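Novice: Okay, here's the prediction I keep looking at, along with the sequence it came from:
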Amino acid sequence: MTSKEEVPEDIVEGAELLMVLNSSKPTAKECKKIQLWKNIAKTKDPNVGRCLDVGTKSMMPYWLDKFIRVHNGVGPKMIIEKSLTATDVNSNNGRLSVPSSQIVDKDFVTEHFNGLGGEGVDATIVDCNLCTWEVNMRIWDMSRPMCNLVKGWNQVVKDIDLQEKDNIRLWSFHSSDKLFFALILLPPSTESDKSEP
């Protein structure tokens, strides 16, 4: 038997979350996501199981750290944690909005928002299964500058089956002068999560 100290903290947190989800009464819409997380937790494949490793705002997940090292990546930054809106997942809109006011690492704003032309910058999104998608990041000048991931975002939504109110965390890094985003689908929040300060 393994003691709690020998198990990585993120795995323990994932297991505790699953126990909370088991004891709560999720809505019908949340059932699909909860079942996905339960199936991931039961799998014997260590690569798939690492999807439970969502990291924290200050610590990136293991799979992302490994991916960045393998690809000689530099400058990882946690960009945003948000709940997806209806327009983020609507194929007619075809974009993920990342409001500058919600971006956690302000260096990302100064690095990428200043001087970004109308054509934007090409980037690659990677998820915990190491699937990749090509997108384009553009800055829209609205009342406040708004970063948007476009051109390819609809395919990300379709392939991962993203839904309105799904919680995500987005990290960025560079590899060979190319911009990457790591998209982390977070477990569904519970009522107890909402009541904590």
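Specialist: Arrived safely. Numbering: from 1, shown residues only.
Novice: all contacts plus neighbour counts: C-alpha atoms, from now on.
Specialist: Noted.
Novice: Beyond the helix or strand containing residue 159, next helix or strand please.
Specialist: Assessed by DSSP states H and E, residue 159 sits inside helix 153-160. Helices and strands here follow DSSP H and E; after helix 153-160, the next one along the chain is strand 167-175.
Novice: So what are the sheet partners of that next one and their directions?
Specialist: strand 74-83 (antiparallel), strand 178-185 (antiparallel) (DSSP bridges).
Novice: just those: most buried one?
Specialist: Greatest average neighbour count among the strands paired with strand 167-175 goes to strand 178-185 (a mean of 21), per mean count of other Cα atoms under 10 Å.
Novice: which residues are in contact with that one?
Specialist: Contacts with strand 178-185, where a contact means Cα atoms under 8 Å, 6 or more residues apart in numbering, come from 54, 64, 122-128, 166-174.
Novice: measure residue 137 to residue 128 for me?
Specialist: Using Cα to Cα, to the nearest Å, we find residue 137 at a distance of 21 Å from residue 128.
Novice: With residue 181 instead?
Specialist: Distance from residue 181 to residue 128, by Cα to Cα: 12 Å.
Novice: swap in residue 134?
Specialist: Taking Cα to Cα, one finds residue 134 at 16 Å from residue 128.
Novice: Comparing the two, which shows the higher neighbour count?
Specialist: Taking neighbours as other Cα atoms under 10 Å, residue 134 and residue 128 compare with residue 128 leading, 23 against 17.
Novice: just the helices in this protein please.
Specialist: For the chain, applying DSSP state H gives helices covering 9-23, 28-42, 46-49, 62-70, 86-89, 106-112, 153-160, 191-195.
Novice: Give the buried residues for the fourth one.
Specialist: Judged by neighbour count using 16 or more other Cα atoms under 10 Å, the buried positions of helix 62-70 are 62, 63, 64, 68.
Novice: how about the residue lying closest to the last one once chain neighbours are set aside, what does it touch?
Specialist: Distances taken as Cα to Cα, 6 or more residues apart in numbering place residue 74 nearest to residue 68, at 7.3 Å, with adjacent residues excluded. Applying Cα under 8 Å, 6+ apart, one finds that residue 74 lies in contact with 68, 173, 174, 175.
Novice: do the same with residue 162
Specialist: So residue 162 contacts 89, 156 (Cα under 8 Å, 6+ apart).
Novice: Okay, it and residue 83: tell me how far apart.
Specialist: Separation of residue 162 from residue 83 (Cα to Cα) stands at 11 Å.
Novice: same deal with residue 160?
Specialist: Counting by Cα to Cα, the gap from residue 160 to residue 83 is 15 Å.
Novice: Low-confidence bits of the chain, can you list those?
Specialist: 1-58, 109-118, 141-145, 189-197 (pLDDT under 70).
Novice: give me the number of residues near the closest residue to residue 98 other than its chain neighbours?
Specialist: Nearest residue to residue 98, sequence neighbours excluded (Cα to Cα, 6+ apart): residue 147, at 5.0 Å. Residues near residue 147, counting by other Cα under 10 Å, number 22.
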